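> Next one to model:
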Amino acid sequence: EVGTNSYLMEGKTNLRLKENSFLYNTICFVPTSLCFKDVTSKYHLEVVDKSAGKVYAKLHVTKDTLEMMHVEVIPSVGNQNTVEINGVPLVQVALINKQVKISTIIKGVPTITAIITVKTFSLFENTVGIQLLYNHMAHKTLLGWNINQLRKAFVDIKATGSGTPIIGDYKLIHHMNWSITDIKNMLLEWNGKVLSTGISCLSTPLVTDGTLKINNYVID
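Okay, here's the model as predicted:
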């Protein structure tokens with residue numbers, strides 16, 4: 001069921017095994033805790049307010065008569081949603097345009113936050129950023145690529161961090177692009193840089209670059 005600012009999907013799946021089936025006897029061989037005759041899952045996904053990032057979801061899984069897992073995503077303050085497993089709050093998820101922010105809320109566990117950002121929803125040309133925050137440490141990874149045309153494409157990787165024990169502040173950059181005319185002629189180029197303030201041999205940036213050219217099966 002789809003609305004202008006909402007979405008609803010729910011259903012039920014069921015897997016049943018006969019006792020004389022090969023799969024049943026294989027699963028029940030070792031360990032016996034995996035053994036089952038019937039696994040049922042019920043799911044409910046409701047986008048309450050798409051513009052505000054409000055989501056309500058529920059997943060209930062049973063094995064025979066035993067409840068295995070109960071997961072709920074419940075709207076909370078602002079654009080945040082709380083994820084609970086078997087009644088225990090684990091993380092808060094905020095959906096903001098093309099960004100997802102996930103923070104742990106487990107009692108007695110330090111808060112770890114992950115922020116995931118995407119430029120587009122394309123698999124062939126995109127930029128994805130992943131940022132991890134923990135106490136005074138910050139790590140950020142940026143992945144970019146354009147493979148709309150496999151004959152001529154590029155991939156970029158950039159990872160930076162600060163406040164990390166042992167390696168200190170660091171930076172890792174790598175770029176690769178290629179151009180393929182045919183199986184006999186192609187060009188591959190790459191460059192990169194590695195820097196770490198906590199490792200003496202990398203306190204001065206280590207820079208790499210290279211080119212591989214194949215011309216009529218001959219490597220230049």
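> in this protein, which spans are helices?
With DSSP state H as the criterion, the chain has helices at 22-27.
> which residues sit against the helix-or-strand element of it with minimal mean pLDDT?
When each helix and strand of the chain is scored by mean pLDDT, DSSP states H and E, helix 22-27 comes last, with a mean of 86. With CB atoms under 8 Å, 6 or more residues apart in numbering as the contact definition, helix 22-27 has outside contacts at Leu17, Lys18, Leu34, Cys35, Phe36, Lys37. Where you see a C-beta, it was placed from the backbone N, CA and C, and this is true even at glycine.
> List the buried residues of that helix.
For helix 22-27, burial by neighbour count (16 or more other CB atoms under 10 Å) applies to Tyr24.
> next one: it to chain centre, how far?
The chain centre lies 32 Å from the centre of helix 22-27; the measure is CA atoms, centre = their mean, to the nearest Å.
> Likewise for stretch 20-30?
The answer for stretch 20-30 is 33 Å, by CA atoms, centre = their mean.
> same check, this time on stretch 163-182
Worked out by CA atoms, centre = their mean, stretch 163-182 lies 19 Å from the chain centre.
> mind listing what's buried in it?
Quick answer for stretch 163-182 (16+ other CB under 10 Å): Thr164, Gly168, Tyr170, Lys171, Leu172, Ile173, His175, Met176, Trp178, Ile180.
> Of the contacts of helix 22-27, keep whichever come out buried.
Counted by 16+ other CB under 10 Å, the contacts of helix 22-27 give Leu17, Phe36 as buried.
> May I ask which two of the contacts of helix 22-27 are separated the most?
Lys18 and Leu34 (16.4 Å; CB to CB).
> Show residues contacting stretch 176-193.
By CB under 8 Å, 6+ apart, the residues outside stretch 176-193 that reach it are 150-155, 171-175, 205-217.
> mean confidence for the longest strand along the chain?
The residue-count maximum for a strand in the chain (DSSP state E) belongs to strand 168-182. Per-region confidence: strand 168-182 scores 95 on mean pLDDT.
> now the residue nearest the centre of the chain, nearest residue through space, not along the chain?
Per CA atoms, centre = their mean, the C-alpha nearest to the average position across the chain is that of Ile116, at 8.2 Å. Computed as CB to CB, 6 or more residues apart in numbering, the closest residue to Ile116 that is not its neighbour in sequence is Val100, at 4.7 Å.
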